[in-house]
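Chemist: based on what follows, work out the 3D shape:
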Amino acid sequence: MVKRGAFIVFEGIDGSGKSTHMRLLIDDLNRRSYDVLQTAEPTRGAIGAFIREYMGSATTRLPPEVEALLFAADRFEHVKGIIEPAIERGQIVVSDRYLHSTLAYQGAAGLSLEWIREINRFALVPDLCILLDVSPEIGLSRLGRRRKTVFEELAIQHEVRNLYLDFVRRGEMVKVDAEGSVEEVQRQVSSLVMNLLQGIGKTMNRATSAI
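Modeler: As a prediction, this is how the structure comes out:
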């Protein structure tokens, strides 16, 4: 059993299956008696609620600098008020989106990645960041006829995916091919997560033995 908390993030373009695979992972972890906290960005806080309203109702986008600053402010509250306290309690935090979403979506709008990283210097680095990778065509087709956000345009999604794949090449994320069956994708996700948690457990055991 994990003796300290862990921070796991799911990323991906819209329609990549994040909600489905987060739910399946959390159900599996609960069955294994892990203490799990599910969260997401934008959050349900005041700033996150404003972002959600903007994403769902705006007909034109704000400047990418404004979007990035809003996401950073929401993330600061998320990290300080939810993520860090949960990890200190020994919980496994599983988040639907985090810093790489801002890097990918606002980066795709032409914003400097270095500047985005600078205004997010406070952000806790995840123990594991999983990219559920699908083509934009498949991702958008999965969304069906529901109302789109300001980011759900095919050209935007292609740019976002390219940036995500670049983060994978840099070693910041681990890619899982999410175009396969739900069962196969979940097997890969579960394997990544259990390897992480077992590694944390072994590290904590060694640290305890050294005391």
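
Chemist: quick one: the helices in the chain, in order.
Modeler: Using DSSP state H, the helices of the chain run over 18-31, 46-57, 64-78, 84-88, 99-108, 113-119, 136-142, 154-169, 182-210.

Chemist: show me the contacts for the residue positioned nearest the centre of the chain.
Modeler: With the centre of the chain defined as its mean C-alpha position, the nearest residue by C-alpha atoms, centre = their mean is residue 97, 2.7 Å away. Listed by C-beta atoms under 8 Å, 6 or more residues apart in numbering, the contact partners of residue 97 are 9-11, 18, 40-41. (Each C-beta comes from the backbone N, C-alpha and C, glycine too.)

Chemist: out of the helices of the chain, the one nearest residue 130 is which?
Modeler: Counting by C-beta to C-beta, residue 130 lies closest to helix 182-210 out of the helices of the chain; the figure is 6.3 Å.

Chemist: what mean pLDDT does that closest one get?
Modeler: The average pLDDT for helix 182-210 rounds to 80.

Chemist: where does pLDDT dip in this structure?
Modeler: 1-3, 145-148, 150, 202-211 (pLDDT under 70).

Chemist: residues in contact with residue 28?
Modeler: The contact partners of residue 28, by C-beta under 8 Å, 6+ apart, come to residue 190.

Chemist: can you list contacts of stretch 124-134?
Modeler: For stretch 124-134, the surrounding residues in contact (C-beta under 8 Å, 6+ apart) are 6-13, 15-18, 21, 79, 83-84, 87, 95, 98, 100, 142, 161, 164-165, 167-168, 172-179, 185, 189, 192-193, 196, 200.

Chemist: filter those residues to the buried ones?
Modeler: In those, burial by neighbour count holds for 6-13, 15-18, 21, 79, 83, 87, 95, 98, 100, 161, 164, 167-168, 172-173, 175-176, 178, 185, 189, 192-193, 196, 200, counting by 16 or more other C-beta atoms under 10 Å.

Chemist: run through the residues that contact residue 115.
Modeler: Residue 115 makes contact with residue 68 under the criterion C-beta under 8 Å, 6+ apart.

Chemist: for the remainder of this discussion, apply numbering that starts at 194.
Modeler: From this message on, residue numbering opens at 194, which makes the last subject residue 308.

Chemist: quick check: it vs residue 257, distance?
Modeler: 10 Å (C-beta to C-beta, to the nearest Å).

Chemist: also residue 296?
Modeler: Here residue 296 is placed at a distance of 11 Å from residue 257 (C-beta to C-beta).

Chemist: picking that back up, out of the helices of the chain, which one sits most buried?
Modeler: Mean neighbour count, computed with mean count of other C-beta atoms under 10 Å, is highest for helix 292-301 among those, reaching a mean of 24.
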